[in-house]
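> Here you go, sequence then predicted model.
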Amino acid sequence: MAGIGSIVLRRAMSTDTKRMVDKFIRVDHAGEVGANFIYRGQMAVLGNTEVGRVIQRMWDQEKEHMAKFEELIPQYRVRPTVLLPIWNVAGFVLGAGSALLGKEGAMACTVAVEDSIVEHYNSQIRALVEDDPEKHKELLEVIKKFRDDELEHHDTGLEHDAEAAPAYETMSNVIKGGCKAAIWLSERI
C-alpha cells in the first residue's frame, strides 16, 4: 500500500516541489555514499586500532542511511548524481588521508563533515516544513533521524579528540569547503 501512496503523492506534487524533492534525495544519496567511502578509508587505516570499533559503529549507521536513500531513489523516481564515482574516490581518499594523521585526524574529518551535513539537513527540514509538512512526512522523518545520527557522529568525534588533530581549524575549514562544493554539485549534476 505504501508504494501506491508514494505514487499518488508524487503525482500530487507541483513541478517546483518535485524538483526540490528530487534535488534533496539526489544530494542526500550522494552524501551517504560519500560518507560510506570516508569510513571505508578510515577503517582501512585504523580498523585494527582502539578507535576502530567507534568508526565501525558510525560506518554501520551510514550504511543504513545509504540503503534508505537507495530505496527512495526509485520510489521517487530520482536520477542519482553522475558524480558518484568521483565521490567514491574522494571519500575514500579523505577518509584514509585523515586517518593517516591518526585517530585525531580521522575524528577531525568526521566532525567537519558532520557539521556540514547537520547544517545541510536542517536547511532541508526547514524547506520541507515550509512547503507542506504533511505531504513530506516520510521524507521529513528520514532526514530528521539521519540528522540526529550525524549529530551523534559529530559529538563522538569531539569526544575522541578531534580538536587535537594537527592544524585542526585549517583541516576543518578545508573539509567543510569541500562538503559545500560537493553538495552544490550533487544537487545539480
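That came through fine.

> For this structure, which segments count as helices?
Assigned by DSSP state H, the helices in the chain fall at 2-12, 15-46, 52-75, 84-99, 103-131, 137-159, 168-188.

> Adding mean neighbour count, write those out as JSON lines.
C-beta: built from backbone N, CA, C; applies to glycine. Listed next are the helices of the chain as JSON lines, based on neighbours: other C-beta atoms under 10 Å:
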{"stretch": "helix 2-12", "mean neighbour count": "11"}
{"stretch": "helix 15-46", "mean neighbour count": "21"}
{"stretch": "helix 52-75", "mean neighbour count": "16"}
{"stretch": "helix 84-99", "mean neighbour count": "19"}
{"stretch": "helix 103-131", "mean neighbour count": "21"}
{"stretch": "helix 137-159", "mean neighbour count": "17"}
{"stretch": "helix 168-188", "mean neighbour count": "16"}
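
> Mind putting these into JSON lines with mean pLDDT?
Shown next, in JSON lines, are the helices of the chain (pLDDT from 0 to 100):
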{"stretch": "helix 2-12", "mean pLDDT": "52"}
{"stretch": "helix 15-46", "mean pLDDT": "97"}
{"stretch": "helix 52-75", "mean pLDDT": "98"}
{"stretch": "helix 84-99", "mean pLDDT": "98"}
{"stretch": "helix 103-131", "mean pLDDT": "98"}
{"stretch": "helix 137-159", "mean pLDDT": "98"}
{"stretch": "helix 168-188", "mean pLDDT": "97"}
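
> Quick check: the gap between F37 and L151.
21 Å (C-beta to C-beta, to the nearest Å).

> Repeat that for L84.
25 Å.

> try E104
20 Å.

> Repeat that for D115.
9 Å.

> Kindly report the same for Q42.
From Q42 to L151 the distance is 19 Å (C-beta to C-beta).

> again, but for G178
Computed as C-beta to C-beta, the G178 to L151 distance reads 20 Å.

> just L83 next, same as before
Taking C-beta to C-beta, one finds L83 at 26 Å from L151.

> cool, and A90?
Using C-beta to C-beta, one gets 23 Å for the distance from A90 to L151.

> From what I see, H153 and C109 are in contact.
No: contact criterion C-beta atoms under 8 Å: H153 and C109 do not qualify, at 10.7 Å.
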